[in-house]
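S.K.: Can you look at this prediction? I've put the sequence above it.
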Amino acid sequence: MNRLETRELAYFVAVARERHFGRAAQALGIAQPPLSRAIQQLERRLGVPLLVRGSRGVSLTPAGEVLLREGDHALAAVDAAARRTQRAGREEPRLVVVMKPGGDSGLLPDTLAAYATSPDAVPVEPLVCGIGEQARLLRDGSADVGLLQAPYDDPTGLDSVELLEERQILVVDRSHRLAGRTEVSVADLDDERLPRWPHQPPPDDAAHRPLVHDAGQLMQLVALGDVVVVLPESARDHLRQDLVAVPVVDAPTTRVLLAWPPDTRGRALSAFVRAAVEVADRRRQAGVAG
């Protein structure tokens, strides 16, 4: 069987998403007849039906469901390869490091300083993103390496190394009933309104939780008393003066991960990973000694 072409994959994915040839043709900027012929040709080449045609649109066969899923991954990989290739061809190479605000647990400044002493170092371009966007930007080729916080961020499909483990704190406004406590348990939060995060499966009570996209929005909602939030302990260093942090004694710990796309570990990236691991090791040792 001949190798699939990117163009025909893009055509099929457009039809599969729209469930309609006319809307897909409009989205692609082409006429409908050549789009229909291209999908028919693809079905003949694969030897299986992909679509069930109807008067009101199309539906996917089991084979079409598989090709939609795999085609999405393939097209994303092609786009990522193009971005990485373009960045690799720059006259002045850079290492793009992605993180959400406060997502480095205070490790990045010391890591950058240690990295700058390496003979393999290149200029670093920090990329600050919204909540939960780091993994996507690593996968699509927009960034070379990123700082993630598990279990909130999903490192599936990425290479990673654990840097730190952190306890968690409850963040509330100063007038909150729990603000004066020296510690709380997870059970104390049963009646509290919590936020929900993008790129995560919605919880059972999602209708009662606001969807939070960035740290500024989150802190404003907490300050207004609209929600309370459980965060890694390092978030304490960035809190507004009108907010209070209380340890959550039985909350699971979070982990700070350094992650990067697989099979992309060049000398500059390797040097950055080594610097981050060394800085994290010193932080842990200082904590034990203290």
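M.R.: Good, I have the coordinates.

S.K.: Run through the strands of the chain in chain order.
M.R.: 51-54, 57-60, 95-99, 124-128, 145-150, 159-166, 168-173, 229-232, 243-247, 254-260 (DSSP state E).

S.K.: need those in JSON lines with mean pLDDT, can you?
M.R.: Formatted as JSON lines, the strands of the chain follow (pLDDT from 0 to 100):
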{"stretch": "strand 51-54", "mean pLDDT": "90"}
{"stretch": "strand 57-60", "mean pLDDT": "89"}
{"stretch": "strand 95-99", "mean pLDDT": "94"}
{"stretch": "strand 124-128", "mean pLDDT": "93"}
{"stretch": "strand 145-150", "mean pLDDT": "93"}
{"stretch": "strand 159-166", "mean pLDDT": "94"}
{"stretch": "strand 168-173", "mean pLDDT": "95"}
{"stretch": "strand 229-232", "mean pLDDT": "94"}
{"stretch": "strand 243-247", "mean pLDDT": "95"}
{"stretch": "strand 254-260", "mean pLDDT": "94"}
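
S.K.: okay if I get the ones you listed as JSON lines plus distance to A25 and mean neighbour count?
M.R.: Any C-beta I mention is one placed from the backbone N, CA and C, and that applies to glycine too. Below are the strands of the chain laid out as JSON lines (distance: least, CB to CB, whole Å; neighbours: other CB atoms under 10 Å):
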{"stretch": "strand 51-54", "distance to A25": "14", "mean neighbour count": "14"}
{"stretch": "strand 57-60", "distance to A25": "12", "mean neighbour count": "16"}
{"stretch": "strand 95-99", "distance to A25": "36", "mean neighbour count": "22"}
{"stretch": "strand 124-128", "distance to A25": "36", "mean neighbour count": "15"}
{"stretch": "strand 145-150", "distance to A25": "37", "mean neighbour count": "24"}
{"stretch": "strand 159-166", "distance to A25": "40", "mean neighbour count": "18"}
{"stretch": "strand 168-173", "distance to A25": "50", "mean neighbour count": "23"}
{"stretch": "strand 229-232", "distance to A25": "45", "mean neighbour count": "22"}
{"stretch": "strand 243-247", "distance to A25": "52", "mean neighbour count": "18"}
{"stretch": "strand 254-260", "distance to A25": "39", "mean neighbour count": "23"}
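
S.K.: now those strands in JSON lines, with distance to V13?
M.R.: Shown next, in JSON lines, are the strands of the chain (distance: least, CB to CB, whole Å):
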{"stretch": "strand 51-54", "distance to V13": "12"}
{"stretch": "strand 57-60", "distance to V13": "11"}
{"stretch": "strand 95-99", "distance to V13": "26"}
{"stretch": "strand 124-128", "distance to V13": "27"}
{"stretch": "strand 145-150", "distance to V13": "27"}
{"stretch": "strand 159-166", "distance to V13": "27"}
{"stretch": "strand 168-173", "distance to V13": "40"}
{"stretch": "strand 229-232", "distance to V13": "37"}
{"stretch": "strand 243-247", "distance to V13": "44"}
{"stretch": "strand 254-260", "distance to V13": "27"}
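
S.K.: That concludes my questions; thank you for your assistance.
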